[in-house]
Each structure stands twice: as structure tokens, then as C-alpha cells.
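S.K.: requesting a structural model of the entry that follows:
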Amino acid sequence: MEWLTKAFDAVVLDWGSALLQGALVTLQISLGAFSVGLFIGLLVAMIKMTRHGLLLRLANAYTTVCRAVPELLLILLLYYAGGDLINWVLAQLDQGPAPINGFMAAVVVLGIVQGAYAAEIIRGAVQSIPTGHLEAARAFGCPRRMIVQRIVLPEMLPYALGGLSNLWLILIKDSALISVVGYNELLFTTKQAAGSTREYLLFYLAVAAVYLLITLLSNLLFSRFDRRISRWMPAH
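M.R.: Residues are numbered from 1 along each chain as shown. Reported below is the predicted structural model:
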């Protein structure tokens, strides 16, 4: 009982607000990176399906590299190489070096990495759409933009949701990798708390519980959304 009281005081009373702030930052980074990854994934998936020579080779190279190289290494390369590239461009323009915004860097870096996986999920979902639907739209003279808005995007969503929900859960965990570049998200805050109090087991168990809670709530939301959009699927 005394141990529980001590643990509650250390985790909730002393570090509760800092851990909550770290959890909010983790969610903000994940939401931003998920949006960036979806945009990149949709763009790359469309390029792969149009089969334009040069763009197709670039898209294949992008997805191959992002899926082959460990994500932690990619994050370090994109974070430091991206900062050096920006400062090099500024130097060419006779401008001084610019500080790298840690939050934006985390969102962009994770978004670029996740975009490769999102591209394959979206491409597979689009290819699952019955070709008769697209042919019927073309036969009625629908322009390409209308076909994408009215047929491709709504019909591919039920097929893509399972993969995208897995991608979101992976992204929640991958956001912890950003702590290696010193950005103050949930895991980084936990390291500070554990190092300050020397209660390593207590704080790492507490942060594991927070990640588990976020995952369970995410599963609940995706399950509800999945049931809602399942009504769009044709009956068999």
C-alpha cells in the first residue's frame, strides 16, 4: 500500500502534468505525420497507377528506400540531412542558419517515412475497386477529377481502412523514435522523470500503460468508423 501511495505521488502528483503534456505532443505529432503520410501516400499511389516513366521510377525508389532502411536511421538522416540542406540553401542566399523547429521536423520526417507504406495500402485499395464502376463512369463521360472524387476515393476507403488503422498504431509507437533527436514528447519526458527520480521501472511501466490506453482508444474509434463505412460496401 505504501508503495502504491509513493508511486501515485511520483507519477501523478509530481510528473502527471509533464507526462500529460508529453502525451498530447505525441498525439499532435502522430496526427500531423498521419496527415502528411496520407497526402504523400495518395500522391505516390496515383503516380504508380498512371505508370509515367520517370515519375514511376522515382515513386518506386521512394517506397523501396523507405521500406528497406530502418525507420530510426531514416529519421536521423532526414532530420540532420534536412537541417543541413536548409542551412546550405540559406547560405547560398547569403542568409544565416535557421533553427530547426523540432515539432515540424518530427511531423515531416515521420510523414515521409509513413507515406511509403500508405502509398502501397492506397494502391492496393484502389485496385480492389471493381473495374466495371470505373468503366461505367468513363462511358457516361465523367471527367477524371469527378471519377476520383465520386468513385475512387469513396470506394477505396473501406478497403484501405484496415491498413491505415494499422499504420496509425505503428505511427503512435514510432513517434517515440523522435526522442533520439531530443524533442520533448512522451517517451523523452518519461526518460527525464525516470532519471530525476531514479524510479526507472515505475515510470516506464506508467508510460507503457499510456501507450496501451491510446492504442485501445484508437482501436475503438477505428472500429466504429469501420462499421459506419461498411454500409457503403456492396452486398454479396
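
S.K.: and the pLDDT at residue 67?
M.R.: At residue 67, the model reports a pLDDT of 84.

S.K.: for the chain, where's the lowest mean pLDDT among helices and strands?
M.R.: Of all helical and strand segments in the chain, the minimum by mean pLDDT, DSSP states H and E falls on helix 2-8, at a mean of 76.

S.K.: just checking, what packs against that helix?
M.R.: Packing contacts for helix 2-8, counted by 3 or more C-beta pairs under 8 Å, 6 or more residues apart in numbering; DSSP states H and E, involve no helix or strand. Every residue, glycine included, has its C-beta placed from N, CA and C.

S.K.: now find how far off-centre the following helix or strand past it is within its chain.
M.R.: Next helix or strand after helix 2-8 toward the C-terminus (DSSP states H and E): helix 16-50. For helix 16-50, the separation from the chain centroid amounts to 3 Å (computed by C-alpha atoms, centre = their mean, to the nearest Å).

S.K.: and residue 199, how far is that from residue 2?
M.R.: Going from residue 199 to residue 2 by C-beta to C-beta, to the nearest Å gives 14 Å.

S.K.: ok, those two, which is more surrounded?
M.R.: Counted by other C-beta atoms under 10 Å, residue 199 and residue 2 do not tie: residue 199 has more neighbours, with 18 against 6.

S.K.: now do the contacts for the residue nearest in space to the middle of the chain.
M.R.: By C-alpha atoms, centre = their mean, the chain has its centre lying nearest to residue 34, at 3.4 Å. Counting by C-beta atoms under 8 Å, 6 or more residues apart in numbering, residue 34 touches 111, 114, 167, 168, 171.

S.K.: residue ranges of the helices in the chain, please?
M.R.: Taking DSSP state H to define them, one finds helices in the chain at 2-8, 16-50, 53-68, 71-92, 102-127, 131-139, 144-147, 153-174, 186-197, 200-229.

S.K.: in terms of mean pLDDT, which of those ranks lowest?
M.R.: Among the helices of the chain, helix 2-8 carries the lowest mean pLDDT, at a mean of 76.

S.K.: give the buried residues for that one.
M.R.: Buried residues in helix 2-8, counting neighbours by 16 or more other C-beta atoms under 10 Å, are absent.

S.K.: what sits up against that helix?
M.R.: So helix 2-8 is contacted by 199, 202 (C-beta under 8 Å, 6+ apart).

S.K.: so what's the gap between that helix and the chain middle?
M.R.: 36 Å.

S.K.: now for residue 81, how many residues are close by?
M.R.: The burial count assigned to residue 81 is 10, neighbours taken as other C-beta under 10 Å.

S.K.: again with residue 122
M.R.: Using other C-beta under 10 Å, the number of residues around residue 122 comes to 27.

S.K.: cool, and residue 203?
M.R.: Using other C-beta under 10 Å, residue 203 has 24 other residues around it.

S.K.: so it sits right up against residue 190, yeah?
M.R.: Yes - applying C-beta atoms under 8 Å as the test, residue 203 and residue 190 come out as touching, 5.2 Å apart.

S.K.: residue 159 and residue 125 touch, don't they?
M.R.: Yes - here residue 159 lies in contact with residue 125, judged by C-beta under 8 Å, at a distance of 3.7 Å.

S.K.: give me the more crowded residue out of the two.
M.R.: More crowded of residue 159 and residue 125, by other C-beta under 10 Å: residue 125, with 22 against 17.

S.K.: now do the same contact list for that one.
M.R.: 156, 157, 159, 160, 163.
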